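Asks: Sequence unavailable; structure follows:
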Ligand SMILES: Nc1ncnc2c1ncn2[C@@H]1O[C@H](COP(=O)(O)OP(=O)(O)OP(=O)(O)O)[C@@H](O)[C@H]1O
């Protein structure tokens, strides 16, 4: 339960609804725990007054000892029953006066019977509003949690994602928050009503004990509570462990599914269908196993509590019979006892559901409590515009314990086009990732126009930088919307102009709905070259002073590639550009080339300079040419 406390602050936005729900819950509880036993105790004598054993005993006594003495004796033995009997008689007299002696029994019967649906109505309405309002408040809290998780996911450092499966993260956001939603709804249903019903029923038993100067029922009820609580706690702990396993398996299965859906071609090409199918089947098997364990621990509690309750009622029955209890009192007490155990049973279920919810909350908190790493500075510097000079000063960087860059010292004047070359794993991508602060250097600093980039707001810094990734990333929506992502306030003309610059306009207007054509998820309905052009148009539209270009390794046909190269080189004009270069042609258009090897810059110069004196560069060129 403690785990949920920090999230109660989200209730602030729905305080009124929550309090109304609590109020309705208390009304329901009092109507159930106190009202029902009281009703049973008072309505039954009205209906079955004639067969009431006290009235029979009274008649017998009156015959033998006379009315005065009989009243005295009965009052001593059945103090509360006599009072009630008196009230009942007064009520009868009153009704007789109103409707006449003849009609009185019928009127009383109708009145008494009417109390039952009336009480049910009050209880029902209060119960409904309790569930409705508390659920509304609970769902509000859940929405806030989901929103925080989503916002947090967008702020987390890239390192957080590289160690995790996307499917598992999706499962945390969707399945675990759905689980929490289920918990919130169940808890809303019972969390307020049940404890108060228990208290109200106990209050009835206290009142009964007080009036009858005998606390047997209250004591056995109180004594049996630990019998119920201990197993609830024991089973709850196990349940939480199994629920955590179950959710983990669910995350793994989502991982397998996401992987399979993301690699449909490769799976077919390598005939991996059977292997992936088996993996998924094994995953579902494990999930089913843990799910069954969760069900076992969750549903073991209610029968156990019912057994205890039935034992206590049987005990009460035996005791009542030996002590000559009146039927009304006995019925009242048994109803109150039932009203004690039913909430305990439900509270047991709540406890179990909460444990299950805690397991899901734990999984969500892995995201919510993860360190953000790259954050905005407390007092950001505002630059407005920049020319685009980029400097690295003694920059070191490691992925955890894995060093990736060593002592990078570099000054790139505004507008220079720099190609990054080197063998695979040399650190080119890492180097380029530090400029938009996807990661911060482990030591040293990077400056933009002389200002440490960590002093700028992330949003401002990233507004100065355009990234054209290896593979164009398109989002579901129209072609127009996809280009406009470069600058959300761009006009239609500006979007079209950017498309012209990227030589995309021609093919776009030939699409079925032109700029309004839906690109499909991840641009599935466009060719690789078309997607790249849209991505380049987006970069033209953004028009940022710094450009990071990750050259595509997957080759298009020679003609398309040459044209895309053309557009890319026009995109680099006037911008400080870092190209992660894979092609000879690109390396040629660069003003300057940096040669990377094992996280160090081992060569820095123009194409001609490096070709003349840098062995490694020459061997890289050789590899390119063949
Ligand atoms: N997210 C990551 N977590 C841990 N290590 C990483 C991560 N990304 C890269 N590395 C490691 O850092 C080193 C540099 O990788 P980087 O991707 O920067 O090389 P690269 O020169 O761009 O390679 P390529 O040309 O193959 O893309 C490599 O040893 C790589 O294994």
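Replies: Received the coordinates, thanks. It should be emphasised that the depicted structure is a prediction, and the values quoted were computed from it without experimental measurement.

Asks: Quick check: residues of the stretch 351-500 of the chain near the ligand?
Replies: For the stretch 351-500 of the chain, the residues in contact with the ligand (C-beta under 6 Å from any ligand atom) are 399, 402, 404, 422, 424-430. Every residue, glycine included, has its C-beta placed from N, CA and C.

Asks: got it, and the stretch 1-150 of the chain?
Replies: Close to the ligand, as judged by C-beta under 6 Å from any ligand atom, the stretch 1-150 of the chain has no residues.

Asks: Okay, strands next: where are they in the stretch 1-150 of the chain?
Replies: Taking DSSP state E, counting those that start in this stretch as the test, none of the stretch 1-150 of the chain falls into strands.

Asks: repeat for the stretch 401-550 of the chain
Replies: Taking DSSP E, counting those that start in this stretch as the criterion, the stretch 401-550 of the chain carries its strands at 402-412, 417-421, 443-448, 451-452, 465-468, 546-550.

Asks: Can you give me the buried ones in the third one?
Replies: If I follow you right, that is strand 443-448. 444, 446-448 (16 or more other C-beta atoms under 10 Å).

Asks: Contact partners for the residue nearest the centre of the chain?
Replies: By C-alpha atoms, centre = their mean, the chain has its centre lying nearest to residue 177, at 2.8 Å. Applying C-beta atoms under 8 Å, 6 or more residues apart in numbering, we find residue 177 in contact with 142, 145-146, 149, 360, 364.

Asks: That one looks like it's in a strand, true?
Replies: No. In this structure, residue 177 is helix, not part of a strand, as judged by DSSP: H, G, I helix; E, B strand; the rest coil.

Asks: Use 24 as the first number from now on
Replies: Got it, the first residue is 24 from now on, which makes the last one we talked about residue 200.

Asks: Give me the neighbour count for residue 125.
Replies: Neighbour count for residue 125, taken as other C-beta atoms under 10 Å: 9.

Asks: same question, the one 10 residues further on
Replies: Using other C-beta under 10 Å, residue 135 is surrounded by 19 other residues.

Asks: Let me know the pLDDT of it.
Replies: If you check residue 135, the pLDDT there is 74.

Asks: same question, residue 79
Replies: 64.

Asks: quick one: average confidence on the stretch of helix or strand residue 207 belongs to?
Replies: Residue 207 is part of helix 200-213, with elements assigned from DSSP states H and E. The average pLDDT within helix 200-213 is 76.

Asks: Also stretch 217-225?
Replies: 87.

Asks: next one: stretch 273-285
Replies: Stretch 273-285 comes out at a mean pLDDT of 85.

Asks: tell me which residues in it are buried?
Replies: Neighbour counts over stretch 273-285 (16+ other C-beta under 10 Å) mark 273-283 as buried.

Asks: Give me the contacts around that stretch.
Replies: 188-191, 193-195, 198, 290, 299, 302-303, 306-307, 310, 386.

Asks: I'd say residue 317 and residue 264 touch.
Replies: No. Counting by C-beta atoms under 8 Å, residue 264 is not a contact partner of residue 317; they are 9.7 Å apart.

Asks: Run the angle between the helix or strand that contains residue 272 and helix 200-213 for me.
Replies: Secondary structure from DSSP H and E places residue 272 in helix 239-285. Orientation check (axes from the mean of the first three to the mean of the last three C-alpha atoms, to 10 degrees): helix 239-285 against helix 200-213 gives 160 degrees.

Asks: Do a quick rundown of the helices in the stretch 374-523 of the chain.
Replies: Listed in chain order, the helices of the stretch 374-523 of the chain (DSSP state H, counting those that start in this stretch) span 451-457, 481-486, 502-507, 515-524.

Asks: Any chance of TSV for the ones you listed, columns distance to residue 633 and mean pLDDT?
Replies: Formatted as TSV, those follow (distance: least, C-beta to C-beta, whole Å; pLDDT from 0 to 100):
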stretch	distance to residue 633	mean pLDDT
helix 451-457	15	94
helix 481-486	31	92
helix 502-507	37	93
helix 515-524	31	93
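
Asks: Single out the most deeply packed of these.
Replies: With neighbours taken as mean count of other C-beta atoms under 10 Å, those reach their highest mean count in helix 502-507, at a mean of 24.

Asks: if we can go back for a sec, which of the contacts of residue 200 scores worst on pLDDT?
Replies: Minimum pLDDT across these falls on residue 165, with 80.

Asks: residue ranges with poor pLDDT in the stretch 524-649 of the chain?
Replies: Scanning the stretch 524-649 of the chain for pLDDT under 70 picks out 544-547, 575-584, 648-649.

Asks: What residues does it have near the ligand?
Replies: So the stretch 524-649 of the chain meets the ligand at residue 619 (C-beta under 6 Å from any ligand atom).

Asks: Nearest to the ligand: which residue in the stretch 274-423 of the chain?
Replies: residue 422 (3.2 Å; C-beta to the nearest ligand atom).

Asks: Need the nearest residue in space to that residue, chain neighbours excluded.
Replies: Nearest-residue entry for residue 422: residue 182, 6.6 Å, with adjacent residues in sequence omitted and distances by C-beta to C-beta, 6 or more residues apart in numbering.
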